[in-house]
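Peer 1: coordinates for the following, if possible.
(one chain, ligands or ions: 2)
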Amino acid sequence: MGTDTTSSFDLIIIGSGSGNSLVTPYWDGRRVAIIDAGVFGGTCLNVGCIPTKMFAYPASLAAVPAESGRLGVDLELGSTDWAGIRDRIFSRIDAISAGGFRYRDQELDHTTVITEESRFTGTHQLATASGRILESETIVVAAGSRPVRPDVPGIDLPQVHTSDSIMRLPKLPETLVVLGGGFIAAEFAAVFSGLGSSVVQVNRSSQLLRTHDETISERFTELASRQWRLETGWTLSRIEEAESGWVAVHLEGPEGATMVIDAEAVLVAQGRTPNTDRLDPASAGLDVHGDGRLVVDEYQRLLSGGVPVPGLWALGDISSEHQLKHVANHDQRIVSHNLEHPDDLRANTLGPVPSAVFTRPQIGSAGLTEAQAVAEYGRERISVKVQEYGDVAYGWAMEDTTGLCKLIADRQSGQLIGAHLIGHEAPNLIQLLVQAMSFGVDAHTLARGQYWIHPALSEVVENALLGLEVPDSGLV
Ligand SMILES: Cc1cc2nc3c(=O)[nH]c(=O)nc-3n(C[C@H](O)[C@H](O)[C@H](O)COP(=O)(O)OP(=O)(O)OC[C@H]3O[C@@H](n4cnc5c(N)ncnc54)[C@H](O)[C@@H]3O)c2cc1C
Ligand SMILES: NC(=O)c1ccc[n+]([C@@H]2O[C@H](COP(=O)([O-])OP(=O)(O)OC[C@H]3O[C@@H](n4cnc5c(N)ncnc54)[C@H](O)[C@@H]3O)[C@@H](O)[C@H]2O)c1
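Peer 2: Ligands and ions are numbered 1, 2, ... in the order given. A predicted model of the protein is given here:
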């Protein structure tokens, strides 16, 4: 249906990331338009979760020789092939994106893809950049977010990248300055330092990953500083191009201090903003949060003056507090159900939202940080246990000295309220704690109600659970 000129649809979806999955068999025979002005498939597939992890894994392999000597295995890293890795990754990803586009636009009769910037011109009407008018009683906004760039001189120089372009660099930069201390900065500092760049990470505050539990943030900051150059307490003032083709990154510190770092490339990783401003939400009367997110209710319905607008929905980064793909995917499942079952709406109420940072070492997290738990429950009400990886048998096997599992529980109910891991396989280990928190299994039951494979690394979780001061389940 690629040449369709009809401006009226049964469903319009803005954003081909998580939005693409809304097109279930329910829509067969109904007219569906997917609008995306960017690359088909959205952030996760093209410039987010998937390519970053495809870089993170080879980078973690390249970092092995530096670690293995401690265990009596003398490895030497020969070389890393940036261009080969990059082309392997994107030949796979670009083909998936192109195939997805082709399927929706050409192979399915009832769907079309509109590759134009679009904005609201009314509650159920959109205009594209070329002036085409699109109408539908049902519009789902899945328009995602984009990287923010600080407004300083030189920020638009070609050597300055965001996560959107850094993975396509023609060559591995000799020196890379990473600006920021969050998820993206942590992952790319690990990727580029692992593959052989000299990385300088610059952060405004003294701690990296500051939204994490403080024990994790402290541990990661310490471990990052051992692996690449870390400069904290600095903010970017300007970037200047040098004759060599490199750039000079000018920084300002406390009490008027200044510093200049020369770099072949710069990565700006200072957060992402929802694409709300691209949509002219006022034309549809939509409510917008102070941070730019569209306001939705628990059913993912868009609100106007606090009241749901019939037929308007949103999902993912454009409306969520959590800029995470598994959250966007769950939002999408809620919207799909609610579109297809208007008389049986489901609310978006899952348990704690987990996250993982695929840096070195890896991090997995769910629920409250200790500070949040203290604020919410009071210090006396919570029990906190920190278990080092090095305390369990698999940690001995790895001669691990840095990994830890930190659990926070309610002393009265024994329920876990926070779980945080840093170290080998943390993004996988956290899942069993997410499961307990989601299904309400208390800490002692979780520890004693099942066999724990010996001597797997999961014993670090078992021991952490047993170290919590919580009610005994009666299980032995
Ligand atoms: C580098 C990086 C790594 C990440 N890694 C992870 C990870 O490991 N795990 C994880 O859970 N999350 C990760 N994320 C976050 C995750 O990618 C996002 O939360 C998720 O992709 C958001 O999906 P979405 O469907 O809301 O929006 P998107 O996938 O961003 O889709 C929105 C689409 O809307 C289009 N669009 C926007 N406005 C308009 C308009 N006005 N007109 C037309 N089209 C428009 C855009 O072109 C875009 O394609 C990562 C993000 C980045 C940047
Ligand atoms: N593994 C994952 O799940 C994963 C990976 C990458 C990205 N993401 C998602 O994408 C989001 C965006 O990632 P991000 O790293 O860009 O954002 P972030 O919110 O994680 O970190 C932003 C960093 O920039 C700093 N910062 C913000 N404004 C600044 C300013 N004006 N000057 C100096 N520093 C400033 C913050 O202090 C923080 O260190 C993440 O929050 C996360 O939800 C997830």
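Peer 1: which residues does stretch 375-384 contact?
Peer 2: 368, 370, 373-374, 406-412, 417, 468-470 (CB atoms under 8 Å, 6 or more residues apart in numbering). All C-beta atoms are positioned from the backbone trio N, CA, C, and that covers glycine.
Peer 1: meant to ask about stretch 330-347
Peer 2: 11, 18-19, 21-22, 24, 26, 138, 140, 142, 298-301, 313, 315-316, 319-320, 348, 350.
Peer 1: can that stretch be found next to ligand 2?
Peer 2: No: against ligand 2, stretch 330-347 shows no contacts by CB under 6 Å from any ligand atom, the least distance being 13.9 Å.
Peer 1: how about that stretch: buried residues?
Peer 2: For stretch 330-347, a neighbour-count test (16 or more other CB atoms under 10 Å) marks His330, Asp331, Gln332, Arg333, Ile334, Val335, Ser336, Asn338, Leu339 as buried.
Peer 1: now stretch 190-198
Peer 2: Ala190, Val191, Phe192, Ser193, Gly194, Leu195, Gly196, Ser197.
Peer 1: show me the domain layout of this structure.
Peer 2: The chain breaks down into these domains under automatic domain parsing: 6-145+273-340, 160-270, 361-466.
Peer 1: which of these sits closest to Val476?
Peer 2: domain 361-466 (6.5 Å; CB to CB).
Peer 1: for the closest one, measure first residue to last.
Peer 2: Using CA to CA, to the nearest Å, the end-to-end distance of domain 361-466 comes to 25 Å.
Peer 1: please apply the same query to stretch 234-249.
Peer 2: 11 Å.
Peer 1: same check on stretch 138-156?
Peer 2: 38 Å.
Peer 1: please apply the same query to stretch 449-461.
Peer 2: 14 Å.
Peer 1: how far away from the center of its chain is that stretch?
Peer 2: 28 Å (CA atoms, centre = their mean, to the nearest Å).
Peer 1: neighbouring contacts of it?
Peer 2: 387-389, 391-395, 397, 403, 405, 407, 421, 424-425, 429, 432-433, 441, 462, 473, 475.
Peer 1: and the buried ones among these, selectable in PyMOL?
Peer 2: Entered in PyMOL, the line below selects the buried ones among the contacts of stretch 449-461, by 16+ other CB under 10 Å:
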select buried, resi 387+388+389+391+392+394+395+403+405+407+421+424+425+429+432+433+441+462+473
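Peer 1: looking at the contacts of stretch 449-461, which are in helices?
Peer 2: In helices, defined here by DSSP state H, the members of those are Ala393, Tyr394, Gly395, Ala397, Leu429, Leu432, Leu433, Glu462.
Peer 1: how near is the third one to ligand 2?
Peer 2: Separation of Gly395 from ligand 2 (CB to the nearest ligand atom, to the nearest Å): 24 Å.
Peer 1: can you pull the contacts of that residue?
Peer 2: Here Gly395 is in contact with Glu388, Tyr389, Gly403, Leu457, Val460 (CB under 8 Å, 6+ apart).
Peer 1: rerun that using 10 Å as the cut-off
Peer 2: 387-389, 401-404, 423-424, 455, 457, 459-460 (CB atoms under 10 Å, 6 or more residues apart in numbering).
Peer 1: so which bits of this protein are right by ligand 1?
Peer 2: Residues of the chain lying near ligand 1 (CB under 6 Å from any ligand atom): 14-19, 35-38, 42-44, 47-49, 52, 117-119, 142-144, 163, 184, 275, 278-279, 316-318, 323-326, 328.
Peer 1: want to throw the buried residues of stretch 330-347 into a markdown table with secondary structure and pLDDT?
Peer 2: Output for the buried residues of stretch 330-347, formatted as a markdown table (DSSP: H, G, I helix; E, B strand; the rest coil; pLDDT from 0 to 100):
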| residue | secondary structure | pLDDT |
| --- | --- | --- |
| His330 | helix | 98 |
| Asp331 | helix | 98 |
| Gln332 | helix | 98 |
| Arg333 | helix | 98 |
| Ile334 | helix | 98 |
| Val335 | helix | 98 |
| Ser336 | helix | 98 |
| Asn338 | helix | 98 |
| Leu339 | helix | 98 |
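Peer 1: with the residues you listed in mind, which one is nearest to Met167?
Peer 2: Relative to Met167, the closest of the buried residues of stretch 330-347 is Gln332; by CB to CB it sits at 24.9 Å.
Peer 1: quick one: the closest residue to the closest one other than its chain neighbours from Ala366, how far?
Peer 2: Nearest in space to Gln332, with sequence neighbours left out and distances taken as CB to CB, 6 or more residues apart in numbering, is Ser18 at 4.5 Å. Distance of Ser18 to Ala366, given as CB to CB, to the nearest Å: 21 Å.
Peer 1: could you do Trp228 as well?
Peer 2: 27 Å.
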